[in-house]
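Trainee: sequence and computational prediction follow.
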Amino acid sequence: MRRADRPGDLGWVVMAHGEVYDQQFGWDTDFEALVARIVADYATDHDPAREAAWVAEVDGERAGCIFLVAGEEPGMAKLRILLVTPVARGLGIGTRLVSECLAFARAAGYRQVTLWTNDVLVSARRIYDAFGFVLADEEPHRRFGHDLIGQNWILNL
């Protein structure tokens, strides 16, 4: 696991999300565009003391990522775009990425971490639950070419 600070890391995050979510769920390029906006905002305007991104590698190949960015309110951070590639699943990478992200959030002085996900992302939701995130609310929506149930999760640190 390392910081996402090498050339190609941020582009890989966008590409991997687009490809994996298309293959696994049939999501359209609207999802890739959302990820691209998150990555672009991070790349152009993040505060390294309060925001960070990580890439996990397996045998020298990128296999996962996660971002932590400041929330809209003081003391609140957002966990964003957790991904583990299909070939790297089952190795504990998702858990390690979330652990690193939350350790950084605590060290940066955040009091709360929020995240938005969809109910079909069962493995990710299992990881969030294991770390103590609580489902705050959920709402049906139509995005990425599908009817989904969006969920907001919260963890008090």
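Mentor: Done, it's in. Computed from a predicted model, the values in this text were never measured in an experiment.

Trainee: could I get the full set of strands for this protein?
Mentor: In the chain, the segments counted as strands under DSSP state E are 2-3, 52-58, 61-70, 76-84, 112-118, 134-143, 146-156.

Trainee: with mean neighbour count, mean pLDDT and distance to A124 added, can I get these in CSV?
Mentor: All C-beta atoms are positioned from the backbone trio N, CA, C, and that covers glycine. As requested, the strands of the chain are exported to CSV (neighbours: other C-beta atoms under 10 Å; pLDDT from 0 to 100; distance: least, C-beta to C-beta, whole Å):
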stretch, mean neighbour count, mean pLDDT, distance to A124
strand 2-3, 12, 97, 21
strand 52-58, 20, 98, 14
strand 61-70, 22, 98, 10
strand 76-84, 22, 98, 6
strand 112-118, 19, 97, 6
strand 134-143, 11, 97, 13
strand 146-156, 15, 97, 10
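
Trainee: relative to E19, which of the ones you listed is closest?
Mentor: strand 76-84 (10.3 Å; C-beta to C-beta).

Trainee: need the outlier residue of the protein, farthest from its centre.
Mentor: D59 (21.9 Å; C-alpha atoms, centre = their mean).

Trainee: circling back: out of the strands of the chain, nearest to R96?
Mentor: Comparing the strands of the chain by C-beta to C-beta, strand 52-58 comes nearest, at 6.7 Å.

Trainee: what strands line up against the closest one, and which way round?
Mentor: strand 2-3 (antiparallel), strand 61-70 (antiparallel) (DSSP bridges).

Trainee: need those in JSON lines (columns: distance to W116).
Mentor: Listed next are these as JSON lines, based on distance: least, C-beta to C-beta, whole Å:
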{"stretch": "strand 2-3", "distance to W116": "23"}
{"stretch": "strand 61-70", "distance to W116": "12"}
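
Trainee: so which of those comes closest to N152?
Mentor: strand 61-70 (15.4 Å).

Trainee: quick one, that closest one and strand 76-84 angle?
Mentor: Angle, strand 61-70 to strand 76-84, by axes from the mean of the first three to the mean of the last three C-alpha atoms, to 10 degrees: 170 degrees.
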